[in-house]
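1. curious how this folds, go ahead:
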Amino acid sequence: MTWLFLLGALGASLSIPSAASFRVQELVQIPALPAQRVYSTKTDSQGNLVVSAWLSMPLEPPPNSYGLIKKLDSNGEEQFSLFLPGADQMPIAIDSHDDIYVAGCTYAQAQFPFTSRPGFLFVMKLRGGDGTIVFSTSLAYGSCPTGIAVDSSGQVILVGNGQPQTTAGAYASPPGDYSWSQVSIVRYSPATDQIVFSVRYGGKSIACFGSDCVSTVRTTSANAVLLDRQGNIWVAGATNTTDLPITPDALKTTCGCLMLQYDGFFAKFSGDGTRLLYATYIGTGTGPIGVDGDDRITAAAFDAAGRLWMAGTTEGDDFPVTPNAVQKQRADADGSQLTDGFLAGYDPAANRLVYASYFGGQGNDRISNLQIAADGTVLFAGHSESAALPVGAGGFTRGTDFVASLDPASGGVSGLTRFANGTTGTGLATTPTGLVVSGVENVVTYLQTGNDNGPSLYAVTNAGGGAVTGQVSVGEVISLYGVHIGPPSPVVADLSSGQTPKILGGVQVLFDGAPAPVFYVQDDQINAIVPFSVVPAFMTGTTRLVINKDGVSSDSAVLGVVAASPEAFKIGGTSQAAALNEDATVNTATNRAHPGSIVSVFATGFGWMFPFPVDGQVLGGDLPALTESVQVGSPDRAQPFEITYAGPAPGFAAGVVQVNFRLPSDMNLMEPELVFTVGGWPGGTFTVLVNNVSAALAGDKIAGATRGE
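-> So this is what the prediction gives:
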């Protein structure tokens, strides 16, 4: 057993193209807790960032989840934070005075800081300067909001999905029954103490067959609410209904949908809520296997010329692309059901699409966020499982997430930059010097345009788990990704002295100025170990990470330091754990563990050990003990597995952990999903390979049945 056992998933050094890209300025974590997700990001007129997030604290008494509103300046420094008990699903808007509006749901009405009318749904206004609550009140009725907008007079417009009520005189689609969900648009007075109007919009019929007609919900959902320059209200989203109220001048009057196959839509209402001025489907009519294609709008924004830009996903092969499209056909139009992203621009004055294009490759791809820069450039971000996209990437090129820009005049896409999984997906906003993007986890990334010349850090992840989380634990083995952060050719540390070096190939990784043990470096990747001295024992906080390459410093990453962030090391980029069977042979597809036997899995991120080891020391002899409790279990089993050993892995540097546990004797899966939980902090799932005869026989029977045997 050597370090090479755990380095099997490392890729070869890549040649980074010199094309312009989005260059990382700084990575900033939104507080580190066992479970968290960013919901929305916006910037004000000064380039300050406002973030809404959801946080879970399972070890605390109820309410043990909170909403968080945090404001950061353009340098990523916190201006204020506000915790909202029990809050979730919180879209945000910023008015012309840079005051902040937040809407959502709360499951802790008694603890929530209402200024009037406590209730389940809430909307609040915060002073942009210091976060002071101006008002916080419950909504008279509605569903958890999915979007919010504020007009010049301070009136709040909320959009949600459910079975909305309407007010007298407001536009109302025909009501449905218990199996429908439609869009609600509610306008409130400036103090939200009165409803100005409430609109209902949606269909109630679907294309279905037999009993599926009873079980399939008729759904029209809005993902965006926007105000145009005339004060009209626009909503955009997706529907599976064939009778959505559509105007005669619509671009597409029939829905290419079938039960769970959706079409996108966008609709325009008068500012007083009384009239539907325009509505159209947008999407495809044919899918990859003879069914209708699934199309959904996920984001929308107006440019300065009043054109509506939209982004989303499609499975169909006949999206209405324009001649200037960067990609005119679905990349995987070969009978598969994989998705591509799409971009579309609509001119209301001419009632036509000025741009429409697929954007994807030979895998599942989606565009989740869209924003318009001051110069009219359309910025978009998404996630791609494809090795190649319609244009080449510059900067870092290995990640699954991406950011790019569209020139609306030429239709060309440029600046495509890849990022690690979890970097994008929840927010995209412009700043005076660039833009900021956020992912589902708790990290926001400040970006600038331009090429990376010196070392540039793009992401920090647990070496066992691939997603960006913005948090680390002491002793955790981490992977750092970026551009020119290491030497052109890989260098692996020599650990024969019993100590991991703190400079390797001219590279140092500094935590608050203190060097970390480094055991692998190459041009776009570094593997290092978080020092045990990052924060005082048993405490959490933040730390600033910087890479120093040949005396030149990279951008920084502000990371949360938490008690534990457990992840098993994986083999070859799969979910299969780096594991040994009971006879000390490697667990592989041809050498599986037996039910009832003991398996050894190698992992990291288990936190403090006592006595405290020397950073980077290769451990042997008397080993320190883990200070946090360890469990390993399977989501389909109530009881955790029997653990025979959990502690430092002998012969490895401090921070690498070995957990020996017994597989249940009745294990009936060949690749069970397992998870480590350390001190209440859960990790990601991993698998071990089990020689389960009954499961294999069942698989053979199913395969035989499909062959008609």
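2. could you use CA atoms for every contact and neighbour count after this?
-> Will do.
3. what about residue 450, how many residues nearby?
-> 17 (other Cα atoms under 10 Å).
4. over to residue 639?
-> Residue 639, neighbours per other Cα under 10 Å, totals 11.
5. pretty sure it contacts residue 663?
-> No - contact criterion Cα atoms under 8 Å: residue 639 and residue 663 do not qualify, at 12.0 Å.
6. so which residues of the stretch 451-600 of the chain form strands?
-> 456-462, 471-473, 477-483, 491-492, 507-511, 514-515, 518-522, 525-529, 541-549, 552-562, 567-568, 579-580, 598-604 (DSSP state E, counting those that start in this stretch).
7. what angle separates the longest one from strand 456-462?
-> To tie it back to what came earlier, the one meant is strand 552-562. Our comparison of strand 552-562 with strand 456-462, counting by axes from the mean of the first three to the mean of the last three Cα atoms, to 10 degrees, yields an angle of 30 degrees.
8. against which helices or strands is strand 552-562 packed?
-> strand 21-29, strand 456-462, strand 471-473, strand 541-549 (3 or more Cα pairs under 8 Å, 6 or more residues apart in numbering; DSSP states H and E).
9. between those, which has the poorest average model confidence?
-> Across the helices and strands packed on strand 552-562, the stretch with the lowest average pLDDT is strand 21-29; it has a mean of 82.
10. on contacts alone, who are the packing partners of it?
-> So strand 21-29, by 3+ Cα pairs under 8 Å, 6+ apart, packs with strand 413-419, strand 443-450, strand 456-462, strand 552-562.
11. any chance of the helices and strands packed on strand 552-562 in CSV, plus mean neighbour count and distance to residue 684?
-> Formatted as CSV, these follow (neighbours: other Cα atoms under 10 Å; distance: least, Cα to Cα, whole Å):
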stretch, mean neighbour count, distance to residue 684
strand 21-29, 24, 19
strand 456-462, 27, 10
strand 471-473, 28, 14
strand 541-549, 20, 22
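12. minimum distance to residue 392: which of the ones you listed has it?
-> strand 21-29 (10.3 Å; Cα to Cα).
13. before we move on, back to that, out of the strands of the stretch 451-600 of the chain, the one nearest residue 427 is which?
-> strand 456-462 (16.9 Å).
14. any weak-confidence spans in the stretch 301-450 of the chain?
-> Along the stretch 301-450 of the chain, segments meeting pLDDT under 70 span 333-336, 442.
15. could you verify that residue 214 is part of a helix?
-> Yes - per DSSP: H, G, I helix; E, B strand; the rest coil, residue 214 lies within a helix segment.
16. okay, it: pLDDT?
-> Per-residue confidence (pLDDT) for residue 214: 72.
17. and for residue 207?
-> Looking at residue 207, the pLDDT reads 84.
18. what does stretch 427-440 rub up against?
-> The contact list for stretch 427-440 (Cα atoms under 8 Å, 6 or more residues apart in numbering) reads 37-43, 46-48, 74, 369-373, 380-381, 422-426, 444-449.
19. just stretch 501-519 next, same as before
-> For stretch 501-519, using Cα under 8 Å, 6+ apart, the contacting residues are 485-487, 491-495, 500, 520-521, 526-531, 534, 543-550, 615-616.
20. same deal with stretch 653-662?
-> 474-477, 499-500, 529, 596-607, 613-619, 632, 641-649.
21. and residue 566, how many neighbours does it have?
-> 28.
22. hmm, it is touching residue 682, no?
-> Yes - in this structure, residue 566 is within contact of residue 682 by Cα under 8 Å, at 6.8 Å.
23. joint contacts of the two?
-> Joint contacts of residue 566 and residue 682 (Cα under 8 Å, 6+ apart) are residue 676.
24. pLDDT score for residue 705?
-> Reported pLDDT for residue 705: 35.
25. hang on, the earlier thing: which ones among the contacts of stretch 653-662 lie within helices?
-> Among these, none falls in helices (DSSP state H).
26. hmm, which of those are the buried ones?
-> The neighbour-count test (16 or more other Cα atoms under 10 Å) applied to those identifies 474-477, 499-500, 529, 598-607, 613, 615-619, 632, 641, 643, 646-649 as buried.
27. tell me the SS of the closest residue to residue 246 other than its chain neighbours?
-> Once flanking residues are discounted, residue 246 sits nearest to residue 279: 4.8 Å by Cα to Cα, 6 or more residues apart in numbering. The three-state label given to residue 279 by three-state DSSP is strand.
28. please list all residues in contact with residue 279.
-> 245-247, 250, 265-268.
29. put the buried members of the residues you listed into a PyMOL selection.
-> Selecting only the buried entries of the contacts of residue 279 in PyMOL, with 16+ other Cα under 10 Å as the criterion:
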select buried, resi 245+246+247+250+265+266+267+268
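30. the contacts of residue 279 into JSON lines, with extra columns for pLDDT and distance to residue 209?
-> Below are those laid out as JSON lines (pLDDT from 0 to 100; distance: Cα to Cα, whole Å):
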{"residue": "245", "pLDDT": "97", "distance to residue 209": "23"}
{"residue": "246", "pLDDT": "97", "distance to residue 209": "24"}
{"residue": "247", "pLDDT": "98", "distance to residue 209": "28"}
{"residue": "250", "pLDDT": "98", "distance to residue 209": "28"}
{"residue": "265", "pLDDT": "98", "distance to residue 209": "24"}
{"residue": "266", "pLDDT": "98", "distance to residue 209": "27"}
{"residue": "267", "pLDDT": "98", "distance to residue 209": "29"}
{"residue": "268", "pLDDT": "98", "distance to residue 209": "32"}
